[in-house]
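Asks: dropping a prediction and its sequence here:
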Amino acid sequence: MFKIATVRPGNHKTKGEIKSLDQIAGKWKTVRIGRLFRVIDWKIVFLLSVVPVLRELVMGLFFSHHGRPFATPKDIIHTLLETGFMAAIGVAISWIRFSKRMVLHQKELLEKMVADRTEEIRLTQQASIEALATLSEYHDTDTGDHIRRIRTFVHVLAQWLKKHSEHSDYLRQRPGYVEDLSLAAILHDIGKNAVPETILAKPGKLTTEEFELMKTHTTIAGQLFKKANQLFVDHYGKDSYLALACDIANYHHERWDGDGYPQGLRGHAIPLSARIVALADVYDALTSKRPYKEPWSHEDTVKEIVKGSGTQFDPTVVGAFLANEDVFRNIRRDFASK
């Protein structure tokens, strides 16, 4: 007698059919939810609710609520009221269960929509950041591989520190820190866009004046990211990954012993993010060819970093590097310039 209404995208509206969750809510449009599904026809829902009431009322014409024939009109009224009340409760319970299922399905749909949109935004953000980082390294033919290596080096160091160091609690209390740090790290030299190409590509040693100009790439980028992050804070009330990008850009040339630039920070006064990127950046710089030098071997680079432990580098970060030096060697090989 009755049929199940099949939902098909593009169907014309047909009397008595429900095509989507939105139609149930009063909106006449079709929503495709992954795959075709079926929704019970409202006529069926209505009749399934009313039939038990009618059945009880009809049966009540012949028998009392105790299963005996009616003795008085009072028995008839009493039975009708009782069966009607019980049937109404049954209908209400059925509607509540049906509504809960629909709400749960709608919730799952909305969660999927939000997850899809969030992933789309994340991928767009990542692509934009990588494009910006590539621009900052445009003078270097090794740009793409350099960016991938830095990101991977930083991720390896941060993950090890999260599990095996005095920084474990700090890192574990910050969900997403390692991923944000890895992404922000590739922007560490974006300030070099403000430095003349003649200085960046100079094959010989820089003059004092040229070196002072080169050092400004840290503060220029730091100011840029600070302003950008403040816009995020004003709107959302919390920092974005740009706060990490600001610290990294500003301080990745600081030294553990305080002899770095631009502020001469010492020890733990240097943000952890900058200490991690500093080692990763030096490893990649030493093992890469530059206008002023040939690439170092992995072994010589390891010795140089160990030599700088406690002076140039945070000893804890050096420990993380030594625990993963074979991983660094493989990354260097896998992302070598073609």
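Replies: Noted; the coordinates are in hand.

Asks: what about the residue lying closest to Ala274 once chain neighbours are set aside, how many residues nearby?
Replies: Leaving aside its sequence neighbours, Ala274 sits nearest to Tyr251 (C-beta to C-beta, 6 or more residues apart in numbering; 3.7 Å). Where you see a C-beta, it was placed from the backbone N, CA and C, and this is true even at glycine. Burial of Tyr251 is recorded as 24 neighbouring residues (other C-beta atoms under 10 Å).

Asks: surely Tyr251 is in contact with Gln263?
Replies: Yes: between Tyr251 and Gln263 a contact is recorded at 7.4 Å, counting by C-beta atoms under 8 Å.

Asks: where does the prediction get shaky in the stretch 101-250 of the chain?
Replies: The stretch 101-250 of the chain contains residues with pLDDT under 70 at 122-123, 126-127, 131, 134-144.

Asks: now do the contacts for His155.
Replies: His155 is in contact with Val178, Glu179, Leu181, Ser182, counting by C-beta atoms under 8 Å, 6 or more residues apart in numbering.

Asks: repeat that for Lys226.
Replies: Lys226 sits next to Cys246 when contact means C-beta under 8 Å, 6+ apart.

Asks: confirm that it sits in a helix.
Replies: Yes: assessed by DSSP: H, G, I helix; E, B strand; the rest coil, Lys226 belongs to a helix.

Asks: now neighbour count and secondary structure too, for the contacts of His155, in TSV please.
Replies: Shown next, in TSV, are these (neighbours: other C-beta atoms under 10 Å; DSSP: H, G, I helix; E, B strand; the rest coil):
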residue	neighbour count	secondary structure
Val178	19	helix
Glu179	13	helix
Leu181	25	helix
Ser182	24	helix
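
Asks: helices along the stretch 51-200 of the chain, start to end?
Replies: Using DSSP state H, counting those that start in this stretch, the helices of the stretch 51-200 of the chain run over 73-136, 143-164, 168-172, 177-185, 197-200.

Asks: okay if I get those as CSV plus distance to Gln230?
Replies: Output for the helices of the stretch 51-200 of the chain, formatted as CSV (distance: least, C-beta to C-beta, whole Å):
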stretch, distance to Gln230
helix 73-136, 18
helix 143-164, 24
helix 168-172, 24
helix 177-185, 16
helix 197-200, 29
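
Asks: nearest to Val302, of those helices?
Replies: Nearest of those to Val302, taken as C-beta to C-beta: helix 143-164 at 13.3 Å.

Asks: restricting to C-alpha, output the closest one in CSV.
Replies: C-alpha atoms of helix 143-164 as CSV (Å, rounded to 0.1, in the frame of the first residue of the first chain):
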residue,chain,number,x,y,z
THR,A,143,65.0,26.5,-2.8
GLY,A,144,62.4,23.8,-2.9
ASP,A,145,64.5,21.1,-1.4
HIS,A,146,65.9,23.4,1.2
ILE,A,147,62.4,24.3,2.4
ARG,A,148,61.4,20.6,2.6
ARG,A,149,64.6,19.6,4.4
ILE,A,150,64.3,22.4,7.0
ARG,A,151,60.7,21.5,7.7
THR,A,152,61.5,17.8,8.1
PHE,A,153,64.6,18.4,10.2
VAL,A,154,62.6,20.6,12.6
HIS,A,155,59.8,18.1,12.8
VAL,A,156,62.3,15.3,13.7
LEU,A,157,64.0,17.3,16.4
ALA,A,158,60.7,18.6,18.0
GLN,A,159,59.2,15.1,18.1
TRP,A,160,62.2,13.7,19.9
LEU,A,161,62.3,16.6,22.3
LYS,A,162,58.6,16.1,23.0
LYS,A,163,59.2,12.5,24.1
HIS,A,164,62.7,12.4,25.6
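
Asks: quick one on the thing from earlier: out of the contacts of His155, who's nearest Pro271?
Replies: Using C-beta to C-beta, those come closest to Pro271 at Leu181, 10.3 Å.

Asks: that closest one reaches Ile276, doesn't it?
Replies: Yes: under the criterion of C-beta under 8 Å, Leu181 makes contact with Ile276 at 7.0 Å.
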